[in-house]
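Mind looking at a prediction? Sequence and model below.
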Amino acid sequence: MKQLLEWAPLLLFFAVFQVFGIYWATGVLMLASTAVLVLHRRSTGQYKTIHIVTTAVVLILGTATLVLHDKRFIQWKPTLLLGVAAIAFLGSAVIGRQPLARRMLEGVFDAPVLVTARAWLVLNTLWAAWFALLAAINIYVARNFSEHAWVNFKVFGITLAMIAFMIPQVFWLNGRLKPAPAEEPS
């Protein structure tokens with residue numbers, strides 16, 4: 001249920017775009033992002049940073065899109081969020097106890113992951129570069145392709161690219177899990 005809530009704004013944006021176009025989809029995205037922020041707060045008692053940042057960006061760029069009747073503002077949303085993510089990953093290499101990639105990926109596994117600090121930094125840098133690349137590709141697609149092609153890229157292209165980027169890392173990290181202690185025969 002939590003995953004459906006996380007994906008709801010994107011799915012609603014896509015569905016409404018198909019029927020009513022970019023401006024209605026933008027309005028629905030603004031409402032859905034705000035709803036996710038509030039619902040998560042009500043169910044857990046706290047806000048998620050990603051929800052706050054996403055909702056702020058959606059509300060600012062969505063308002064500009066609707067008031068100025070210019071779709072370019074909402075088309076910048078993925079680029080802005082991916083750019084912020086790239087900066088956050090780079091910054092985490094020098095600020096904080098662990099790189100963001102480590103904090104994000106290590107929590108996926110039940111056992112400790114045996115990876116050197118240097119390997120985590122390399123992985124973290126790859127994440128930053130990946131986000132920066134996707135940010136640049138989003139603007140390229142928005143400027144050079146139809147609105148429909150951009151929406152498909154935003155909804156499916158970025159999502160599938162993120163999954164394709166993560167899968168090899170999960171397999172690689174899974175191979176580096178600290179083995180559980182063997183049970184002693186009784």
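Arrived safely, thanks for sending.

Using the record's assignment, carve this protein into domains.
1-70, 71-178 (automatic domain parsing).

Could you measure from Ala149 over to Phe156?
11 Å (Cβ to Cβ, to the nearest Å). Any C-beta I mention is one placed from the backbone N, CA and C, and that applies to glycine too.

same question but for Gln46, I mixed them up
31 Å.

Repeat that for Trp130.
17 Å.

Between the two, tell me which one has more neighbours.
In this view Trp130 and Phe156 are compared by other Cβ atoms under 10 Å, and Trp130 has more residues nearby, 18 against 12.

pLDDT on the helix or strand harbouring the more buried one, on average?
In this structure, Trp130 sits in helix 117-144 according to DSSP states H and E. Mean per-residue pLDDT for helix 117-144: 95.

List the buried residues in that helix.
The neighbour-count criterion (16 or more other Cβ atoms under 10 Å) identifies 119-121, 123-124, 127-128, 130-132, 134-135, 137-139, 141-142 as the buried residues of helix 117-144.

Residues contacting the next helix or strand after it, please?
Toward the C-terminus, helix 117-144 is succeeded by helix 147-152 as the next helix or strand (DSSP H and E). The contact list for helix 147-152 (Cβ atoms under 8 Å, 6 or more residues apart in numbering) reads Phe13, Phe14, Phe17, Ile22, Ala25, Lys71, Gln75, Val141, Ala142.
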